[in-house]
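Chemist: With the input below, show me the fold.
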Amino acid sequence: MTAPAALPGQIRDDIPPVVVDAVTVRFGAITALNAVSFTVVPGTIHAIIGPNGAGKSTMFNVLSGVYKAAEGSVLFGEHRLDQMRPYKIADIGVARAFQNIALSATQSVAENLMLGRHHLTRAGFLASGLRLPKATSEGRKHGARVAEIAEFMELGNKLHTPVGVLSYGDQKRVEVARALCTEPRLLLLDEPVAGMNSEETARMADAILEIRSALGISVVLVEHDMGMVMGIADQVTVLDFGRLIADGTPAQVQADPEVIRAYLGSGDDDLASIGEDADAPPDDDSPGAPRADSPRVTTEESSP
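Modeler: Numbers count the residues shown, from 1 in each chain. Below is the predicted model of the structure:
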C-alpha cells in the first residue's frame, strides 16, 4: 500500500480522545445501554465487542449520531457527539463505514468515492455546472485524492469499474475507502469483515492496521470475528446486556472471568477458545425482530 498523507509511526496532533461518559440509551422500557463509560486513546484501534444483544450496535450508533443518549455524554475533543446530527459529525472529522454496503452499483469506484468528498467541496452548484476554472481546478484535486486513497486501499486498478461487478471483499474496501475520502480523524467501522472469507478478512485486517499506522488516526470497530479483533485491537471494550463488563488490552479481556462467562456460559478460562465468529448474525440492539442480512450493494447513494 502507498499511504496518502502518510505519517508513519506517528499520531496526528489534531486527534483528540473519544470520552464516553456514563452513556445510557433506552428504547421505551428497554435499557439498551446502562451507564457505559470508556475512552478511545488517540491513534489506537479500539474494538467494541460482546455477545448478540449486548449493546454494541447501539453504542456505535451513539458514536455516529444516529441515536441520542438519554443520559451521559460522548466527547470528541470539544465536541459532544451525542448532541450532533450525523452530517455535522462528518464535518468535524468522524466517518463511518457501514456493515450493510450502501454503494451505487451502477456507478464506478471513483464516482462512489467522490461522494465522500462532497462536504469538502467549496465550489458552488453554478460554478460547477458552468465548469468555471475554480470548480474545474477543485475537481481535479479531489479526483487526484480519490485516486490516491483508492491506491492505498488496493483499488487503484478498479477506479473505473462499476461497483456492482466487484467481489464482495472489494465492495467492502470501497465502503471503507469512501469513509477515508472524508479525511476523518476518527474512523468508525461497523463489522468490517462480516461475510468475508478468510483471505478477504486477512486483507481487511491488514488494511485497518495500515490506516492506523500510516494516517495516524483513531479507529473504532464493532466486530464479531474474535480472531481478527484480538489480532489488531490495541484496546477492547466488552459489553453484555447493555453493561460494560470489561475494558482493557486483548490479553486482559481474554482472561477476564466475566467476559468468558458472557461468551461461553462456562468455566473455561480462555476467550481465545471461541475462535472466529464471522458467521454470527448481526447484533440487534433495538426492540423487534433480528435484522436480516441486506443486499451487498444498494442502488441508493449515501454519504458516510
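Chemist: Any idea how many residues pack against P257?
Modeler: Residues within reach of P257, counting by other C-beta atoms under 10 Å, total 12. C-beta here means a position set from N, CA and C on the backbone, and glycine is covered the same way.
Chemist: measure it to F27 for me?
Modeler: Counting by C-beta to C-beta, to the nearest Å, the gap from P257 to F27 is 30 Å.
Chemist: Next: L103.
Modeler: Counting by C-beta to C-beta, the gap from L103 to F27 is 29 Å.
Chemist: for D240, same thing?
Modeler: To F27, D240 is 18 Å away according to C-beta to C-beta.
Chemist: the more surrounded of the two?
Modeler: Using other C-beta under 10 Å as the criterion, D240 and F27 rank with D240 on top: 19 against 14.
Chemist: and the more buried one, bridged to which residues?
Modeler: Applying DSSP bridges to D240 gives these bridge partners: R243.
Chemist: can you pull out the helices in the stretch 151-300 of the chain?
Modeler: 168-180, 198-215, 226-232, 250-254, 257-264 (DSSP state H, counting those that start in this stretch).
Chemist: And those helices: which comes nearest I48?
Modeler: Closest approach to I48 among the helices of the stretch 151-300 of the chain is made by helix 226-232 (9.4 Å; C-beta to C-beta).
Chemist: tell me which residues of the closest one are tucked away?
Modeler: Buried residues in helix 226-232, counted by 16 or more other C-beta atoms under 10 Å: 226-230, 232.
Chemist: for stretch 28-43, same thing?
Modeler: Here stretch 28-43 shows 31-34, 36, 38-40, 42-43 as buried, counting by 16+ other C-beta under 10 Å.
Chemist: just stretch 236-246 next, same as before
Modeler: Here stretch 236-246 shows 236-240, 242-246 as buried, counting by 16+ other C-beta under 10 Å.
Chemist: cool, and stretch 65-81?
Modeler: 65, 67, 69, 72, 74-77, 79, 81.
Chemist: now it: mean pLDDT?
Modeler: On average, the pLDDT along stretch 65-81 is 94.
Chemist: The nearest residue to L221 once chain neighbours are set aside bridge partners, please.
Modeler: Excluding the flanking residues, the one nearest L221 by C-beta to C-beta, 6 or more residues apart in numbering is L189, at 4.0 Å. Counting by DSSP bridges, L189 is bridged to A97, L221.
Chemist: Go ahead and confirm L189 touches A97.
Modeler: Yes. Between L189 and A97 there is a contact under C-beta atoms under 8 Å: 5.2 Å.
Chemist: what touches both of the two?
Modeler: 176, 179 (C-beta atoms under 8 Å, 6 or more residues apart in numbering).
Chemist: which residues touch the residue nearest to the spatial centre of the chain?
Modeler: Most central in the chain under C-alpha atoms, centre = their mean is L189, positioned 1.5 Å from the mean C-alpha point. By C-beta under 8 Å, 6+ apart, the residues touching L189 are 96-97, 176, 179, 208, 219-223.
Chemist: how about a cut-off of 10 Å?
Modeler: 45, 47, 60, 95-99, 172, 175-176, 179, 204, 208, 211, 219-223 (C-beta atoms under 10 Å, 6 or more residues apart in numbering).
Chemist: from the residues you listed, which would you call buried?
Modeler: With burial judged by 16+ other C-beta under 10 Å, the buried subset of the contacts of L189 is 45, 47, 60, 95-99, 172, 175-176, 179, 204, 208, 211, 219-223.
Chemist: For the chain, give me the ranges with low pLDDT.
Modeler: The chain contains residues with pLDDT under 70 at 1-10, 118-139, 265-304.
Chemist: switch to 50 and redo it
Modeler: Residues of the chain meeting the criterion pLDDT under 50: 1-8, 123-130, 132, 266-270, 274-304.
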